[in-house]
Structure formats: structure tokens, C-alpha cells
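Asker: Got a predicted structure plus its sequence, pasted below:
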Amino acid sequence: MKHRLPRRALLLGTAAGLVLTGCTADDGASADTVKIGLIVPQTGVYEEVGNDMRAGFELYLETHNNELGGRKVELLVGDEGDGPATSYDVASRFVQQDEVVALTGIASGASYAEISVFAQEQGVPLIGSGGRPTLDPDQLEGLWHTSWISEENGTAIAPYMAENLDGPVYAIGPDYQGGHDQLRGFTENFLEAGGTLANPTGETTWTKFPDTDNFLPYFTEIAQTDAAAIYTFYAGAAAVNFVQQWAQSDAKDIPLYGAFLTEGSALTAQGDAAEGVYTVMNYSADLDNAANREFVSEWTAAGLTGQPSLYAMCSWDAASVLDQAIASIPAGEEVTSEAINAAVAELGEIDSPRGPWRFSDTHAPVQRWYLRQVQLDGQQLSNVVIQELATLGD
Amino acid sequence: MDLLDAYLPHVIGGVTYGLLLFTVASGLTLAFGVADVLNLAHGTVFMVGGYAAYLVTDGSWWGLVLAALAGTAAGAVFGGALSGAIMPLAGRGHMMQALLTFGVSMVVGNLLVQVFGSAELRPDLPDVLEQPVVFLGHNYPAYHLLFIGAAGLLAAAGWLVVTRSRVGALVRAMVDDQDMVAALGVNPKLVLAGVLAVAGALAGLAGALGAPILGPSLHAANTVLLQSLVIVVVGGLGSIGGAFVAALLVGQVHTLGVALAPEWSPYLLFAAMAVALLVRRPPQLLVGGRTT
Amino acid sequence: MTDLLTITGLRRDFGSLRAVDGFDLTLAEGDRHALIGCNGAGKSTVLHMVAGAVRPTGGRIAFAGTDVTRKPAHRRSRLGIARTFQTPAPLDSFTCLENLTLAARPHDATSRWRPSRRRAALAERATAQLAALNLADRADTPASALSHGQRRLLEIAMALMAGPRLLLLDEPAAGLTDADMARLLECLGSLPAELTVLLVEHHQDVVTAIADTVTVLHNGRTLTSGTPAEIAADPQVAEVYLGTAA
Amino acid sequence: MTRLLLDTRVWTALAVAALAALPFAVDAYTLSSLSGIISLGLLAVSVAVLTGTAGLPSLGQVAPYAFGMYTTVVLIRAGVTEAPVLLLASGAAAAVFCAVIGPAVVRTRGVVFLMLTLAVGELTAQAAQQWKAVSGGTDGSGRLDPTVPFWGLEPLVDEPAVYWYCLAVAVVVTALAGWAARSTPGSLVRGVRDNEARMRADGHRVGAYLLGVFVFAGMIAGIGGSLLVTSQRMVFPSDVSFSISALVLMAVVIGGAASLGGALVGAGAVILLRDWTAAYLPGQGPLVLGALFIAAVYLMPGGLAGVLERIGLRRRKEAT
């Protein structure tokens, strides 16, 4: 009759053991060490983007003696996955269990939207370096970011396209929060600037995300309109499919404009298909300034492949922002979340590979935007700046 | 006519995708019908074939032929290995097979991503196949048309084997009645290994030839597996002909459905599956208890 | 006496194979009838179709004046058809007593609104039935712990708990030791006289001991029919048996 | 026998007491993930009821789970946050759903049952993703109001309060399920698991019994879904994906198919492992879980059949 007992005891013991191990996460970082939580996609559609973001942040630390503002850094890296379903849990673990002083990273706007609310509740500053949705301007306490606002790509290029194209533009994008923000930034400003959409419905065409891999039918539909150009936003694997299929479709002669399309490893995978594609971004690896030359050479020296992407650059800048903010906290004083937040608010101009920028009242960069085109640069294809566009953010 | 013209690219795209799925699903349906195995790692075999093709292609036509061979071989080896992994589970029910193959798909799939990276990898095709080709007034990727031809031939060859050859007759007999295997004095372990190797070869070949259309990735593996399951159920467990019709149907839902009713296309697949399962009479419960 | 079971033109196909091909049989109340034939002659299939486990492809089965051809197995059980399986099939994770009370539950007329009285009544009947089959000392043993012969008896007891009018026995003697066989024959001999029995059996002794009529099936059809003695003497039957054995 | 029963109860009570005392020992994050695990634990109990009692291993219990989950989401959005309403409505919605699809599902067995439940689960997950008005698509439902345990009480905001609520509901529901499995209808369903043809031949309405247990298991899953909303206050279509189904089925196999407490503990172990790998080996979670699947399939002696056999063994020993 005793056989029941060991089994129960075993189950219970397992449960207790599991639970106990759960609460033994070390919280004994020494006073001089700053704990930062970096949340980037390590699985899912944006894994490559996440790899770039991580590489940018870690490169900054490596080239700065693993210190930010003179303090040793303990960097925790968590997986953002495909959105808040994964990332929210990571954020709450970093804050509630590991007690980080600041959060950074976050590729998708949807993750940012959920994590920002939580970070504010917990009083931890969030230095985003990826996509960001539009936030309530009165609710920005503790929320900063070094990249772009999802609507800005479209806003920057809309007047240019309205002016320079002879005909309507077909707008198409992925059906999720970031895609909606990106495309809205374009369509609203484009219509305002006098442009018209070629979409038969008069509205942006949405593709299911992340399930759509065959875009050919969409291109056929586009070719049947009188579109003079296509404007879109895709990143990662979806961007590879989109550009490759565009180059072999009925719509191959319609110029392709977009945000992010050819950024990072996507360009390598797209190959020749990407030649001639226009993109609107706030950075290009061929920008000619001292900070960028240093950044690109450090990137190459570290043995990282290709040229640094915008994702890597924004993440590098997030480290740079934290570096300067923490440096302004007097030595001997504890580096708390409040102190970092206050110091970031006081930062002036930040010297960055994209050119100098500063935080606006919306806690986002005031920065210049560029029109780039994929061209053969020597032996390999790269994004080449062909025109400066507006400075946005003020 | 205009309407037909407008939807022709969807239809052609659907045929391409449908034939791709058929190649995968024919393997899955064989594994079901003959060996009674629910193989949730079948999509991962597809992925293996895609990576094999990526490794051996070099932009030449020979590279393409080599890719087909390499994909088939890699798939067959993977399939054979799976049968070896399943054998110790004999008599422990379908759930264990399902859980095991699901575990294998997670491990192998993620290892592959770690080795090859998460970036999209596409095989290096001969230049002429990278150009669009005009067919009935529309541009198509040349490779898609080539694929339709190749997969069509493959389907025809498969059809001949199943309907005309001795092996085909044996297969059909075993789908009808699994006890036949024992009655005919064939070693059931050999049958399991053989069927899973052939199923793997088909999925590997589909992965290799399909890589320029649907590159290897975890997402592709999942999609292909789920849609193949739908095809197998709609077409009838173990029926190659049924799988062919169902695959072309699913291909059309994937393209035409997305164009005509984007909100409903995902439901269409599973609704078709549910209907097929409900309409068919459940297998007769024979003598002496459970059929599991 | 009235006809209890009437089978007319019964057919069953498995794929392209015709297992039962136009089988007719009429049983009156109290009949003891055996079906014999070689393997694959269709005996078990006939039994399954009468019990409702296999659906006929064609033909008609009437039981006590009701057409049951398309009725599910559990409805037939409630009409009074009980059966045993070729491999004895008691419920392994239950005790013998529980097996019997579970088997009796669908046929129990006691008010379901008085569960404790109902339980007591069922247990009483089950205990009596176990005693009748010499299984009284096994009441609290799980069915999985019984010997093959005991499982066979237990299953017959379960079938009898329904208070059936027709009992279908599928090779009850298969795999029994001599001692078990004796107990089985004793048990079958003591069945109530008004209970009709349809039996599929290979064992000549059992057939002779129980049945008063025998039907020989060959390739899904009736070859001949008669008393056990007539059948034993029939040269046609011997030829079929020997012919297939060769 | 009496002593044995006493033992079991003592152990169960000790386990519950230890779990109830946890908020005094662990941090907020651990607590909130434990609340989520309890919700999935109820899903595992639901699968264990189907697998262990009825012998129907399902790959689609996330479907009723999703129904419960989104019923609670809709109610909370409409301003109904009282726990009794949420739990009853979620359980009822899931049960109704199962009663509708059940007659078709419980006709099938073996591979076909696995595939049909898989299809039902996938269809529900797809529907959840598509129906943005309710689910919010991939981006999730957004922050929801906290649950109020009873009219007039404070909302459940703090992690310990949420945890205690989830634990209490799970204990009550699991106890109810355990009682049901030992009741007469429960034993009829176990009879079907043991030998379906025998039960049919005895005149039992097997289809009705299986439908009943399918609906009952669905109700448990629905209540589990409601708990997830209370604990996370934000839900995503990925919370009802196929991998959750597979994970929970695995948890049940590990925990012992017919032991409801085992299912809870199995779910806890599997999901804690998943979360740990996510924390300490970011991006490696699927690899570790896959390895666990493989190991469990081989190391569980005799798998599900073996587990059932051991139950048989236990019963035999009890009887002697």
C-alpha cells in the first residue's frame, strides 16, 4: 500500500523544487554594476532584425570596455518573438525578477505598445531602438527611443512621391499594428500633398501577416491598375519574398518604393531582384560623417558580416544614449531607474552615425531622412543615398 | 474573358503551389494509409530538402539536377531514420508517434535554423530561370513554369506506379486492409521503413524543387505540414489520386481564395477538412474493442 | 412457438471480398443453434451483424418482430440481444462485481432517482450471478487478474446480467483448458430453457453438447443444415473441411 | 484502505498548503507566471479527463480553452468583471461549443480523432487571429481590467491576490473533476475506455457517454481559459496555438494520464521548463522542449498504455 506515497511525494517534490529554483535568480549585482535588459527578436519573422539590434548594442559595449558611463554593465538579452505574446513576459521578468534599471531594444511597435505601459507602471525607463507606435504625448514619462516613429518613413517620402511621380501610387502592406502605422504615415501625407492612390478600393491593400508568402497575385492586380509606383513596407523574410516576386511579376516595370524593404540581411537574400528598389530611411551605411566611419569600421573589425544596418545603428545609439546619461550621474551615486530617466531628459545633441540628432518633445529623434536606391556599388549591391528628404521629429 | 484573364495568374500560382503541396502530401498520405503513422515531422523533411538544394546549387543546370537528387536522398535518409525512431513505439498508440515526431520536428527544425541562420536562403538558379517569362499575356517567374512541368511529370509517374505496377498494387491493398501486410508475409518493419523513406524522399524532393518558391524555414515547414494534413484528410487517407485533387484545390484556396475572400481563406481549408471528416463514415469498429 | 430471430438474404462486403452472401436463418424461442465452417466462411461476420457491431451490406434482420437491421448495438442489447466476443472482453480496470453491475445498468428498471437502492439491488443480482458461475470468490478481483477461462465465464455472466432473450456466443471454447471447458459446458448447460442461443464454434464437442441444430457455412453461404449427428455424417461437410484443410 | 485515503488527502492538503504559501517566498514575476501555469494546468486536467478517463487523446483542447478565454475577454470589455459570472459564462460557452462539435468528433478514434481535434484547434486559433474585434490579432487583446473576485470586493491587481484566486479555482475544479471521475457516470466512461465494443454490446450508449465527457472536459478547459485572462490581463492568439496543445498533451503523458493532480504537476514542470529556457537560453526554447518530447516518449515506461496499466496494477493491489 505504500506505493502511493513515493509517487505523490515525488510529484510534490518536483513541484516544490521547480518553484524554489524559480526564485533563486541572483539579485546580487554589485553596486557598481548596471543591469540593462535588451529585448530583441531571437525567433520568428524578425529574427535577423533582432540579430542586428543585438550586434549593434553589444558592439558598443565591446568597443567601450563593457562600460556605460564608467560603470560595468551586465546585459540581459531576452527574446521578443513575433510580438507582445512573447516579449511582454520577458519584460516583466527583467523588471520584476532581475530588477534591471533600464529596458532597451524592441523591434515591433506592438511589443513597444504593451511593454511601455508596463515599464511606466514599474517606473523603469525604456530606451526603444526599433519600431514605435504613436503614443499619447501626455504619457511619455520614461519612454524614449532612438530609432523612428513608424509613421515617419511614409511622412518623409510622401511629398517627394506626390511631386515627382506622374500618376497614382499603389499602397500595400502587412496587416498588423506596425504595418498600419507605416502605411498610414504615407497615405495620409501623400493624399494631403495632392497624390492619389491606385488601389481600386481607394485604400491600402493589406496582406495577412505573417502568413503571406505568395505575393504574385497582388502584383498582377497592381499591374492591372494605372499605378506609376508601388509604396510598401515589409521587413525580414516577408521583404525577401516581396521583392523577389516583384522582380519576376507583371508589376516588374512599376517602380517599387518602400520603407525597410532592402535593409540588412534582406538585401543579401534578395540579390539582383532588389536592384533599383527605392527605400526611405533615416540611415545609410554610406553616409559620410566621422561617427559613421568609426561605426562602420568597428563593425567590420569585429568580423560582422556586410555593412551595418539601420537596426544595428539605432541599437548602437541606444547604448550611446545610456552611456552619456549614466556618465552624467555623479560617481558614487547609485544608478537608479529614476536617475537614468532624469539624465536622458537632460541630454543635448547626440553624435550618431546617422548624423547628429536630439530628442524631441515626443521623446523621439529629430533627424534627417534619406531616399536611397539599391545600386551596384563596386561588386556588391548596396543602399546608396540619392537624395536627402525632410528633417522630421520636431 | 477579362475576368478570366484577371484571375489567370492566381490560378497558375495556385497550380504551382498545389503541385508543390501534392508532392509533400503524397508522402504523408502514404505514411498514413500504409504505415498508419501520423508524421508531424513531415514538414521538417521538406525543410531539409530545401537546405540540401541550397547547398548544392551553383547557378548551373547540373546544380539544379543535383539539388533534386540531394533533396530526395536527404529526405529518404531522414524518413528512414524516423521509421527507426518510431519502431520501438510499436503498439503504444498514435499519440506517442505524434508526440515523438512533433518533438523531432522541433529539434531538427531549430538545429537547422541554428546551422543555416534565420535569413532566407534561396538556391542559386541558372540565370535564365531568374527571368520572367510571358505566358498567356502575363509575366511569370520562369522557374514556376518549369516547376509545374516537373511536378506534373512526377505526379504522372507516381500515378503510373500506383495504378500499374506490382508495388503499386501492394500499396493499394495495404491501404485497404493493413492486415494484408501480415497475410502476404511482408515484414511490417520493412514496410514501415520503406514507406517512411519513400515519403521522406517525396518531401525532400518537394523541398529541393520548391525552395525557389517557398524557401526552407520553420514557418514554411509548419505551413506545408498543416496544409498537407488538410490535403490528406480531404483527399482520403492513403489515396494518391485524392491527394492530387485536394492539393490542387488547396493551392487554389491559397491564391484565388486569398484574392477573392482574404478573410475567409484560412477557414476554407479547415472547413473543407471538417466536412470531409464528417461526410465520411468513421471506420467500422470491428471486433473485440478499440481500434487504436 | 414464435420466431424470435429472422435473418433473410444477409450480405456483407469487405472491399471487393464478399464475406457473407445471402444468408438466411430463423430461430424460435429456446432454440440452440450452432454455426460452423472453416476460417473465413463468414460465421463471425454473421454474429457481428446480428449483434450490431458490423453493418450489413444487404438483407434484413428481424428480432422479436422488430426490424433491427440498421439499429445500433446498444439498442439491440436493450431489445434483448446479448453477446460474448471471440477474445473475452471484460473491463480490465474494474473488479468482477463492478463488471457485472456496469453490464446490468442499462437494463435495470430500478428508479434512477434512488441511486443507493439501485446500487444495492444491482450488487445483489451481480453477486448471485457470480455465484451461479462459480466466481463468487473473485467478486473483488480486477478482471485483468483473471485466468483466460475465468474471463470467458465472467463475460458470459456479464451478457446474462442483461436478462437477454438471445445469447450470441463467439467461439466460447477457444483457448480453454480441459478444466475450464468442463466449467463452461456446465455453465452453458444450466442456461434457462427459454433463452435462445446462437453459437459460433469450431469445437465439435461443444457443438454437440449445446446445439440442437447446426448450420454449415461455406464461402458466405449456407452449405447445409441439420442436427449435429446429421452434420457429422454428411460427406459434403467432410469434403469442405478436408478440401480447405489441404 | 482508510489509512491510505487519509494519506492521499494529507498529501494533497500539504501540497495545496505549500502552494498557497508561495506568495510569501517568491518574487512578483514568478508568481504571475505561476498564475499563468495554473491556467494551463486546468487545460491539462481537461486533457487528462479526456485521455485518462475516456481514452481519447486530444490535440485540440485549446479550442474550448479559447472559447472560455475570449468569453471572459468580451465580458471584461463589456464591464462585467465579477469572477463568478466570468467563470460560469466561460465554462458554459466552452461546454456549448463542445456540445455542438462533439457528436461529430467523438464518433472517430485513433489517428482520425487526433487529426480532427487538431483541425478543430487550428481552426479556432485561426479564427481567433482573424477576428480582430475580439482578439486584436497578432498584437493581442491589449490590457484588460482586473477581475473582481466577488461583488463589492477589491479587484485582483496584486500578483499574490491573482495567484490565490487562480489556485483556489483550480483546486475546486480539479477536485470536482476527480469526484466526477469516481462517480457512476465516470466509471461508465472508464468502461468505454477499457472496452468499447463490450460496453456497446451491454447496451450502453457509448456515443452519449463520450459526448458527455467531451463536454465536461471542454467546460474545465473553458474555466482554465478564463483564468488565463485574469492572470495575464492580456491574451494572444498564440496562447491557443497548436504548440500549446502538444505541450499540454505532453504534460499529461508525463504527469500520468489518469491522475488529475499529476496532470497539474506535469503542466507546471513542462511550462516552467519552457519559461526557463526562454530566460536562460533565449531562442533555444523549442530545441529543449523538442528534446523533452523525445525523451519523454522513450522514457515513460510503456507510455500512456503503461500508465494505464499501472493504474490497473494499483487497483489490483488495493483490492487484495
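Answerer: Good, I have the coordinates. From a predicted model like this one, the values you see are computed outputs, not experimental measurements.
Asker: Wasn't A:Gln387 part of a helix?
Answerer: No. Counting by DSSP: H, G, I helix; E, B strand; the rest coil, A:Gln387 falls outside a helix, being strand.
Asker: which residues touch the nearest residue to it once chain neighbours are set aside?
Answerer: Using C-beta to C-beta, 6 or more residues apart in numbering or on different chains and skipping residues adjacent in sequence, the residue nearest A:Gln387 is A:Leu371, 4.4 Å away. C-beta: built from backbone N, CA, C; applies to glycine. Listed by C-beta atoms under 8 Å, 6 or more residues apart in numbering or on different chains, the contact partners of A:Leu371 are A:Ile157, A:Tyr160, A:Tyr278, A:Thr279, A:Val280, A:Val385, A:Ile386, A:Gln387, A:Glu388, A:Leu389.
Asker: do C:Asp180 as well
Answerer: C:Ser147, C:His148, C:Gly149, C:Gln150, C:Arg152.
Asker: May I ask which of these has the most neighbours?
Answerer: Neighbour counts for the contacts of C:Asp180 peak at C:Arg152, which has 28 neighbours (criterion: other C-beta atoms under 10 Å in any protein chain shown).
Asker: re the thing from before, dig out what the residue nearest to A:Gln387 forms beta bridges with.
Answerer: For A:Leu371, the beta-bridge partners are A:Val280, A:Gln387 (DSSP bridges).
Asker: could the contacts of A:Leu371 be laid out in TSV, adding neighbour count and pLDDT?
Answerer: TSV is the format used below for these (neighbours: other C-beta atoms under 10 Å in any protein chain shown; pLDDT from 0 to 100):
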residue	neighbour count	pLDDT
A:Ile157	27	96
A:Tyr160	19	95
A:Tyr278	23	97
A:Thr279	26	96
A:Val280	27	96
A:Val385	16	94
A:Ile386	12	93
A:Gln387	13	92
A:Glu388	12	93
A:Leu389	19	94
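Asker: Which helix or strand contains whichever residue of the stretch 151-292 of chain B sits closest to chain D?
Answerer: Here the stretch 151-292 of chain B gets closest to chain D at one residue, B:Phe270, 4.0 Å apart by C-beta to the nearest C-beta. Taking DSSP states H and E as the criterion, B:Phe270 maps to helix B:265-279.
Asker: From the chain's centroid, how far away is that helix?
Answerer: Relative to its chain's centre, helix B:265-279 lies at 19 Å (C-alpha atoms, centre = their mean, to the nearest Å).
Asker: Are there helices or strands packed against that helix, and which ones?
Answerer: If you count contacts as 3 or more C-beta pairs under 8 Å, 6 or more residues apart in numbering or on different chains; DSSP states H and E, helix B:265-279 packs onto helix B:218-235, helix B:240-252, helix D:83-105, helix D:110-130.
Asker: Do I have it right that C:Met181 meets C:Gly175?
Answerer: No. Between C:Met181 and C:Gly175 there is no contact under C-beta atoms under 8 Å: 10.1 Å.
Asker: More neighbours: those two, which one.
Answerer: For C:Met181 versus C:Gly175, neighbours defined as other C-beta under 10 Å are more numerous around C:Met181 (18 against 13).
Asker: low-scoring pLDDT stretches of chain C, where are they?
Answerer: For chain C, applying pLDDT under 70 flags the ranges C:1, C:15-16, C:110-112, C:242-246.
Asker: mind listing the helices for it?
Answerer: Assigned by DSSP state H, chain C shows helices spanning C:43-51, C:73-79, C:96-104, C:115-132, C:148-161, C:178-189, C:204-210, C:228-233, C:235-245.
Asker: just the stretch 101-250 of chain A next, same as before
Answerer: A:109-122, A:152-164, A:177-192, A:216-223, A:236-247 (DSSP state H, counting those that start in this stretch).
Asker: wait, which of these is closest to C:Gly22?
Answerer: Evaluated over the helices of the stretch 101-250 of chain A, closeness to C:Gly22 peaks at helix A:216-223, with 57.7 Å, by C-beta to C-beta.
Asker: can you pull the contacts of the residue of the stretch 101-250 of chain A found nearest chain D?
Answerer: Of all residues in the stretch 101-250 of chain A, A:Ala110 sits closest to chain D, at 4.0 Å by C-beta to the nearest C-beta. Going by C-beta under 8 Å, 6+ apart, A:Ala110 touches A:Gly83, A:Pro84, A:Pro133, A:Tyr176, A:Gln177, A:Gly178, D:Thr138, D:Asp139, D:Gly140.
Asker: For residue 129, which residues are in contact?
Answerer: All of this refers to chain A. A:53, A:56-57, A:104-106, A:145-147, A:311, A:314-315, A:317-318.
Asker: you looked at the wrong chain, it should be chain C
Answerer: Counting by C-beta under 8 Å, 6+ apart, C:Gln129 has contacts C:Leu100, C:Ala157, C:Leu160, C:Met161.
Asker: what about 6 Å?
Answerer: C:Leu100, C:Ala157, C:Met161 (C-beta atoms under 6 Å, 6 or more residues apart in numbering or on different chains).
Asker: same thing with A:Val277?
Answerer: Contacts of A:Val277 by C-beta under 6 Å, 6+ apart are A:Leu256, A:Leu261, A:Thr262, A:Val374.
Asker: ok, back up a step: name the nearest of the contacts of A:Ala110 relative to D:Glu159.
Answerer: A:Pro84 (18.9 Å).
Asker: count of neighbours near that closest one?
Answerer: Based on other C-beta under 10 Å, the number of other residues close to A:Pro84 is 29.
Asker: Most tightly packed of the helices of the stretch 101-250 of chain A?
Answerer: helix A:236-247 (a mean of 26; mean count of other C-beta atoms under 10 Å in any protein chain shown).
Asker: what about the next helix or strand along the chain from it, distance to the chain center?
Answerer: Sequence-wise, the next helix or strand downstream of helix A:236-247 (DSSP H and E) is strand A:256-259. In terms of C-alpha atoms, centre = their mean, the gap separating the centre of strand A:256-259 from the centre of its chain is 17 Å.
Asker: picking that back up, and the contacts of C:Gln129, which of them are buried?
Answerer: For the contacts of C:Gln129, a burial check counting by 16 or more other C-beta atoms under 10 Å in any protein chain shown picks out C:Leu100, C:Ala157, C:Met161.
Asker: doesn't C:Pro106 make contact with the last one?
Answerer: No. Contact criterion C-beta atoms under 6 Å: C:Met161 and C:Pro106 do not qualify, at 9.8 Å.
Asker: Need the phi and psi values for the residue nearest to A:Val117 when sequence neighbours are not counted.
Answerer: Leaving aside its sequence neighbours, A:Val117 sits nearest to D:Arg143 (C-beta to C-beta, 6+ apart; 6.1 Å). When read as degrees, to the nearest 10, the backbone of D:Arg143 gives phi -70, psi 130.
Asker: ditto for the one 3 residues further on
Answerer: Dihedral angles of D:Pro146 (phi, psi; degrees, to the nearest 10) stand at phi -70, psi 160.
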